[in-house]
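>>> Coordinates for the following, if possible.
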Amino acid sequence: MERGKARSRLLSGVISNLAHDVQAFTSNAFLVTGETTALVDTGANFDVVSRVRDRVDGLDRVYLTHTHTDHVGNVAAVREAFDVETWGFDPDRPEVDHAVEDGETVRIGDDDYEALHTPGHKDDHLCFYSRDASVLFAGDLVFADGAFGRTDLEEGDRAALTASIDRVRETVGEDLSEMHTGHGPSVTQRPFEDVELAGRAARM
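Got it, this is the predicted structure:
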């Protein structure tokens with residue numbers, strides 16, 4: 001198989017959380033099939049390679065929301081198994097092969113996503129938002145029910161996190177349909193309300 005030529009056995013545009021039932025310490029890892037079959041975060045401490053292979057024959061790209069270990073622990077295995085490169089904010093990190101600039105457009109599945117640099121949880125944190133698909137990959141910025149990313153770790157900054165949440169809220173708009181988060185369940189019912197709630201909670 002040619003490098004970067006994934007052949008999906010699923011319908012295009014499907015978003016699957018490959019870590020949904022994993023009990024180990026990991027982030028979510030979202031496989032998005034389509035024109036550009038991509039993995040958004042690789043997770044850690046579970047066999048993500050076999051779960052990818054159960055669904056597709058290859059990957060075109062790997063996008064990283066940030067480089068905390070639970071999100072990038074499987075990077076080496078994914079690179080080796082699929083001969084695929086990774087894209088993230090900070091190319092000085094060993095897990096990142098190519099830089100994604102703030103405001104850059106990237107292709108995930110069948111849709112274009114805007115990369116939003118959203119520090120506060122970690123300096124290299126990115127969210128990915130598609131206006132056409134009305135989908136947000138939020139990483140560890142915000143979660144279901146208005147929870148938000150930790151700021152007590154290295155590079156954590158509550159003021160920066162709050163500003164990042166505000167930026168995402170202003171970017172996505174009230175018609176946001178889906179929010180896929182770094183941990184816990186995805187939000188498919190009024191996710192904009194969870195973003196708003198997270199912004200209020202982060203100010204407390």
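>>> Against which helices or strands is the longest strand belonging to the chain packed?
Using DSSP state E, we find that the single longest strand of the chain is strand 111-117. In terms of contacts (3 or more Cβ pairs under 8 Å, 6 or more residues apart in numbering; DSSP states H and E), strand 111-117 is packed against strand 105-108, strand 126-130, strand 135-139, helix 158-172. Where C-beta positions appear, they are placed from N, C-alpha and C, glycine not excepted.
>>> in the protein, which spans are helices?
48-53, 69-72, 75-82, 158-172, 191-202 (DSSP state H).
>>> wait, doesn't residue 98 sit right on residue 90?
No - if you go by Cβ atoms under 8 Å, residue 98 and residue 90 don't touch, sitting 10.8 Å apart.
>>> Comparing those two, which shows the higher neighbour count?
Between residue 98 and residue 90, counted using other Cβ atoms under 10 Å, residue 90 has the larger neighbour count: 17 against 10.
>>> how far away is the closest residue to the more buried one other than its chain neighbours from residue 64?
Nearest non-adjacent residue to residue 90, counting by Cβ to Cβ, 6 or more residues apart in numbering: residue 124, 4.1 Å away. Separation of residue 124 from residue 64 (Cβ to Cβ, to the nearest Å) stands at 8 Å.
>>> For those two, list the residues in contact with both.
Shared contacts of residue 124 and residue 64, defined by Cβ atoms under 8 Å, 6 or more residues apart in numbering, comprise 88, 89, 96.
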